[in-house]
Each structure stands twice: as C-alpha cells, then as structure tokens.
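Visitor: I'd like to go over a predicted model; first the sequence, then the structure.
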Amino acid sequence: MAENNKNKSAELEEIEKIYREKQKENQSEKKEKTIKVSASGGDAPCGRREDGKKKKGKPSVKNPQPDKDSPEQKLIQKINIGVCGSIFAILVVCLLVLPRPTISESEKRPLAKFPQFSWGDYWSGKFTEDISNFFNDTVPMRDDLKQFGASFRSLFGFSLDGVTIVGDVNKVESGASQTEVTTQSTKPIVIVTPPPATSDESAPAPESSDSTDNSSSGETSAPAPEETKPVGSFMTPTDPNAEVLYREGNQIVYNSLGTLYAGVLYNGNRDYSREYAAAMNSLAAQLPHMNIYSMTALTQNTFFTPVELNEVTYSEQADATFLKNQLDKSIKVIDTLNVLAPHAGESIFFLRDCHWQQLGAYYAAEELARLAEVPFAPLDSYRKEEEDCLGSVYLNTQYDGLMYEGEIFTYYVPQNDYYVDYYDADMEFQFDYPLMPESDYRASSFYSLFMVADSYIKHIRTDVDNDRILVVLKDDYPSAMIPCLTSSFEEIYVIDVRYCNFNVINFCIEKGATDVFVGMTTESALSDVGAYLPYIMSI
C-alpha cells in the first residue's frame, strides 16, 4: 500500500513537471507573438487582446499613408507648381504691360514719376529709392484695388474701445454729440488782416478793411459778414491744443475742440505758379471774344483746419491771391474767400472729406453766373437729398476711428430738363447717362455722384435758351458746381484737364464757346495737375 502511494506521488510529480514545462513553452510562444505584433505596428488580430479576451470598443485601424513617390503624388505636385507659377507669371505680365496711373482720383494727387538718373542720386541711394517708390505708387488699377481691399477688410469688423463691430454700420454715436454739421458750430473762425506785403510777399494788403485781429484778444466768435467782404482778409482758425490722432502722408485725422476732423493738409508749390498764370493769360489772349473765368478754390484748410497744423511757407489763401495777382485784368476771378466767408456758419464743407459740400459749390456757381450775367436758379427750386457718407480720408487711410464718424452728404438735384452725353479723352462718344445717377451712390465714394467719373468728358444740353455755351476745364473739385449751372447755360462741356487728348483752344472755337471757366483747388493749380493746362492748350 505504502509502495503504491509512493508510485502515485512519483507519477504526479512527473505530470506536474511536464505541465510546468508545457506552460513555460506556451508563455514563451505568446511573448514572441506579442513582440512580433508590436514590432509590425498592428493591433491584436480580430480585435482581441493578447490574453484572448475581446477588446472593448471598435478596433483601431490606421489609414495607409500615400506613397510620396507614387505617380499620383508627383502629378499633384506638378499641378500645384504649374498653377502657382501661372498666377505669378500673369501678375508679372500685368504689372509690366498694363498702363500705370499718373493720378490717384481717390487721394486727389499726382502719383510718383519715374526718376531721372544722376550719379549723385545713384551713389546716395536716392535713385533706387525713387524707383521703388514709383513702382509701389503706380500699381495698375491702384484705386480699384485699394477700394476692394477696403471693402474686404470691412467684412471682418472694426475695433472700437476693445469691441469688434461687424455689419453694415453707417453711423455710430461715439460719445460726442452728433450735431448739425456746420463750420460755425464745430470750429470758430477768426478773421485777421495780413500785414502790408513786401515785394516778395504773396498778396498785397487790402485797400480798406474794417476787420480786426481777434486772435490776440482770444475771441473766437464768427465775424459778421461785412467784416469778411474786403479783398485781402485772411481767415486763420487757430487751436494750439489740436491733437493729431493719425497721419498718412498729407492725409490727417485730428481732434479740435471736441470734434473729430479729417482732411488733406495744404501742399501747394509756387514753382508752378508761372506755368498756371501764363496758361491762363494765353487762354485769354487766344480767345479774345470769349469770357474767361478763373477759380483757384479754397478748401477746409482755410476755414477750419488749425493754423498750427500748417507745414508750408505760404497758406492756401495767400497762394490763391498770389496767383490772382498774376492774371490778366480781362480774366474774371471767382474769389472763393469772399464768396464763402459770409456763409461760414452753414454746411459748406465736409468735416472729414477733402471736398466741399454742394452748398459751398452752389455759392461759387452763383458767383460765376453773376459774373457771366446769366440766370441762376434759387436753391429752393432744387430737390434736396441727404445720404450718410464716409469721407475720402477714411477711404484712403482706413483709420478705424473714422468709420464711426459718418456725416450727412446733402446734394441738390436741378429740376429743369437737361441731357448728358459722355465721351472719352479723345472726344469719342461712349454713352448717354444721367448727370447725377443716384442708383450708383456709394457712401465711401459719394463725390463721384456729380460726374460719374472724371475721366469722361460730358456734354450737357439744357432747356435754357440763351445761346450761351460754357466750356469747363477743371480738376475734380468743381464737379459739384456743374448741376447748379444747368439753369444758366444752354450747353456745357465738362473736361477734366487730366483726361484730355486734344487741343482745348481749337475745341472751344469749334464748339462756338461763349464762356470758358477754369476751376481747380489752389493746390492743384500749384502742382502737376495745373501743369496739364498748358499741355492741353498746345497738343
């Protein structure tokens, strides 16, 4: 019995030994399988774990990565390179082939010219700098691209006091009261009489004047109209505390007496004065049987831009008088200082645009009609319209603070009958279209409402029967005057001096003109724009 038990124990020990060895072999095989699966980056087959139990959730399956060297990938890379290369090549060709603008209509200034070579400029680096400035400043379709960029940028909203506003915002109260826009209520005007002029001064002292210098007494109230009548009285608004908020070139945004202003600082150059005056005198000499008128218009720089911001030697009004004194006595001058000063308390200028309101242009047109001795429609005979608008300084600088300082654009639509034909710079007919197409109104480019585009020559035929034919040679500024003259002349030809490819002397004779009006800002007359006048007289 005992021996049998021993035999059984020995058998059990043998069996256990064999079982333990078998277990070791199985564990070794499982480890080898696990190592192989891990090394290959795959999951356990059929979604099971190494211990044979089902895994929870869905099995993980990785997407196979495409082979970078496969034909499909190489084709995609070639297509990408071809598309990008084609776009770049098209842009280069456009920059080289498309005509480069010489004038910026949105900024109202001549653009940079290609520099003339000199060794001094070359070694100093100025020549290459001027070339770079030329290509940057004269990009083809410059104004259109700039306006597109402004429109695209507005889609992302504007920041105001840390808050981003998105949407169609025409006008937002910014804390300051939005009162009626008038030069009197927003910026006091001081009238002073200049000291007697010396031989090289810009203008002679007035022959007589009852105006007094209020600047020393600290008075800021607007003067009575009779104090502004004498020729030679100069308006010099002043505000030593005016705060410049933003500046880009001559475009400036500033705060004066709690009101936000924006405009273009005056930058006339007297080197052009002889050219302009000689052209005007030549015009009068070659067209002796026609009435010749000149207007070098004053802007808001004279009426409410603080004199402390002025950076030029001569003021706008001094240069206007300087030009006037060089003109032949037969030329009739529209003196915008004397015309507008009595209306300084009215809405004659925009506060945040480089143009005048049409009301200011109306008074200038009235003076032209008076000098021409033709009829002129009273203001209450027009249809008055009002629209919200953003100034030209916002369009050109995109200064966010101006987005919320919109103002009212007031314009007057004449009620008499008239018809308008549009021509190109070669006087080739293009189309007929309204003079003031209200359907084309845009808040940021509202001034084009008057003339559609300065690049078109207009022929206006009215219901006036007086055989008076007016030819207007201008920059963009007098555009707002033209609708006001449809009650005064039977025919009106409107020519922007920058867009004319024919001799205007011959043109005036061929069209039987009785009156020729040359109108532009004082700065334009003393710049490249004014230099176009003698050019189109000699083509």
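Guide: Great, that's in hand. Computed from a prediction, not measured in an experiment: that's the story for all the values here.
Visitor: can you pull the contacts of Phe502?
Guide: Asp426, Met427, Ile536, Ile539 (CB atoms under 8 Å, 6 or more residues apart in numbering). C-beta coordinates here come from the backbone N, C-alpha and C atoms, glycine included.
Visitor: Filter those down to the buried ones, PyMOL style.
Guide: Burial among those is assessed by 16 or more other CB atoms under 10 Å; the matching PyMOL selection reads:
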select buried, resi 536
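Visitor: Can you tell me which of the contacts of Phe502 is nearest Met290?
Guide: Using CB to CB, Ile536 is the member of the contacts of Phe502 that lies nearest Met290, at 16.3 Å.
Visitor: mind checking the end-to-end distance for stretch 298-314?
Guide: 13 Å (CA to CA, to the nearest Å).
Visitor: List the buried residues of that stretch.
Guide: 298-307, 309, 312, 314.
Visitor: and the contacts of Phe502 as JSON lines, adding pLDDT and secondary structure?
Guide: Below are those laid out as JSON lines (pLDDT from 0 to 100; DSSP: H, G, I helix; E, B strand; the rest coil):
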{"residue": "Asp426", "pLDDT": "95", "secondary structure": "coil"}
{"residue": "Met427", "pLDDT": "96", "secondary structure": "coil"}
{"residue": "Ile536", "pLDDT": "96", "secondary structure": "helix"}
{"residue": "Ile539", "pLDDT": "88", "secondary structure": "coil"}
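Visitor: residue ranges with poor pLDDT in the stretch 351-500 of the chain?
Guide: Residues of the stretch 351-500 of the chain meeting the criterion pLDDT under 70: 444.
Visitor: So which residues of it form helices?
Guide: According to DSSP state H, counting those that start in this stretch, the stretch 351-500 of the chain carries its helices in the segments 358-372, 392-397.
Visitor: Any chance of CSV for these, columns mean neighbour count and distance to Arg383?
Guide: Formatted as CSV, those follow (neighbours: other CB atoms under 10 Å; distance: least, CB to CB, whole Å):
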stretch, mean neighbour count, distance to Arg383
helix 358-372, 22, 12
helix 392-397, 23, 25
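Visitor: Can I get the ones you listed in CSV including distance to Phe409?
Guide: Listed next are those as CSV, based on distance: least, CB to CB, whole Å:
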stretch, distance to Phe409
helix 358-372, 8
helix 392-397, 12
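Visitor: Tyr422 - how many residues pack around it?
Guide: Using other CB atoms under 10 Å, Tyr422 has 19 neighbouring residues.
Visitor: Residue numbering should commence at 39 henceforth.
Guide: With 39 as the first residue, the last one maps to Tyr460.
Visitor: now it: how far from Ile117?
Guide: As defined by CB to CB, to the nearest Å, Tyr460 lies at a distance of 45 Å from Ile117.
Visitor: How about Gly306?
Guide: As judged by CB to CB, Gly306 and Ile117 stand 56 Å apart.
Visitor: Looking at those two, which is more packed in?
Guide: The neighbour comparison of Gly306 against Ile117 (other CB under 10 Å) goes to Gly306, with 27 against 10.
Visitor: where does Asp159 fall, helix, sheet strand or coil?
Guide: What DSSP: H, G, I helix; E, B strand; the rest coil gives for Asp159 is helix.
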